[in-house]
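# Provided below are the primary sequence and the corresponding predicted coordinates.
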Amino acid sequence: MRGAIREGLSTFLLALLIFALLQVTLETREVQLSSMKPSLLEGQYLVINKVVYYFHPPRRGEVIVFHYPKNPGLVYIKRVIGLPGDAIEIKEGKVHINGIYYDEPYVSGDTAGALAMQIVSPKHYFVMGDNRNSSSDSRHWGTVPRPEIIGKAWLCYWPPSEWGLAPNYSFDSQPFQVHLNSVGGAASNSEMSAS
């Protein structure tokens, strides 16, 4: 009898520990609007990895969940476009990072409007929705401070037809490395090298 009680208590404590670890490391969120179409659809449910950014900073192309800087009670989901120190510009419907055209295969069509060059502040991220012409994002309200980032979209689990990894995209092979010149401005294309 004593062995059964001990085994039951051990199982309960292990289950409690696993539950606590999951609560600290993962979170679920529903995609509520259409700003991430066609990559994410309204009504999809995602698992958010809340610990990944303790091991590395957010990367260009990753889909992140964060507290909206103008109202921290709201939670937004967008794609990281600009990293700290990047020069972001939109001209002729195309995003340019550090003077280089940024090919975005997940966006359908051009980005409406223009954006004068902006330098992303340290520990901030420039984010945009994939449905550019229907997204409230860094073009409108500024960058996202690192402490406001909850985590990275990791897994889509609902509806079942959309089950799979979240639509994160890697741009490691594109030459967007930032080099600052002696007066603190972004270097020209001829001064930049591939990362």
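Yep, it's here.
# does L41 count as helix, strand or coil?
At L41 the chain is in coil, as set by DSSP: H, G, I helix; E, B strand; the rest coil.
# Tell me if I'm right that it and E162 touch.
Yes: taking Cβ atoms under 8 Å as the definition, L41 is a contact partner of E162 at 7.0 Å. Glycine gets a C-beta too; all of them are placed from N, C-alpha and C.
# Got the phi and psi for the most centrally placed residue in the chain?
In the chain, the residue lying closest to the centroid (Cα atoms, centre = their mean) is I64, at 2.6 Å. Here is the backbone geometry of I64 (degrees, to the nearest 10): phi -120, psi 160.
# From K50, how far out is it?
With distances taken as Cβ to Cβ, to the nearest Å, I64 is found 11 Å from K50.
# okay, and the common contacts of these two?
Listed contacts common to I64 and K50 are 150-151; contacts here mean Cβ atoms under 8 Å, 6 or more residues apart in numbering.
# Need the single longest strand in this structure, by residues.
Secondary structure of the chain per DSSP state E: the longest strand is strand 149-158.
# ok, back up a step: ok, the residue nearest to the centre of the chain touching M128?
No: counting by Cβ under 8 Å, I64 does not reach M128; the two are 11.4 Å apart.
# shared neighbours of these two, anything?
Shared contacts of I64 and M128 (Cβ under 8 Å, 6+ apart): 78-79.
# could you check the angle strand 149-158 makes with the top helix by length along the chain?
Ordering each helix of the chain by length in residues (DSSP state H) puts helix 2-25 first. Interaxial angle of helix 2-25 relative to strand 149-158 (axes from the mean of the first three to the mean of the last three Cα atoms, to 10 degrees): 110 degrees.
# Convert the C-alpha atoms of helix 2-25 to CSV, please.
Taking C-alpha atoms only, helix 2-25 is exported to CSV below (Å, rounded to 0.1, in the frame of the first residue of the first chain):
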residue,chain,number,x,y,z
ARG,A,2,2.8,2.4,1.0
GLY,A,3,4.6,1.7,-2.3
ALA,A,4,1.5,2.5,-4.3
ILE,A,5,1.0,5.8,-2.5
ARG,A,6,4.6,6.7,-3.0
GLU,A,7,4.4,5.8,-6.7
GLY,A,8,1.2,7.8,-7.1
LEU,A,9,2.7,10.8,-5.4
SER,A,10,5.9,10.6,-7.5
THR,A,11,3.8,10.5,-10.7
PHE,A,12,1.8,13.5,-9.5
LEU,A,13,4.9,15.5,-8.7
LEU,A,14,6.5,14.6,-12.1
ALA,A,15,3.3,15.6,-13.9
LEU,A,16,3.2,18.9,-11.9
LEU,A,17,6.9,19.6,-12.8
ILE,A,18,6.3,18.9,-16.5
PHE,A,19,3.2,21.2,-16.5
ALA,A,20,5.2,24.0,-14.8
LEU,A,21,8.0,23.6,-17.3
LEU,A,22,5.6,23.8,-20.2
GLN,A,23,4.0,26.9,-18.8
VAL,A,24,7.3,28.7,-18.5
THR,A,25,8.7,27.6,-21.9
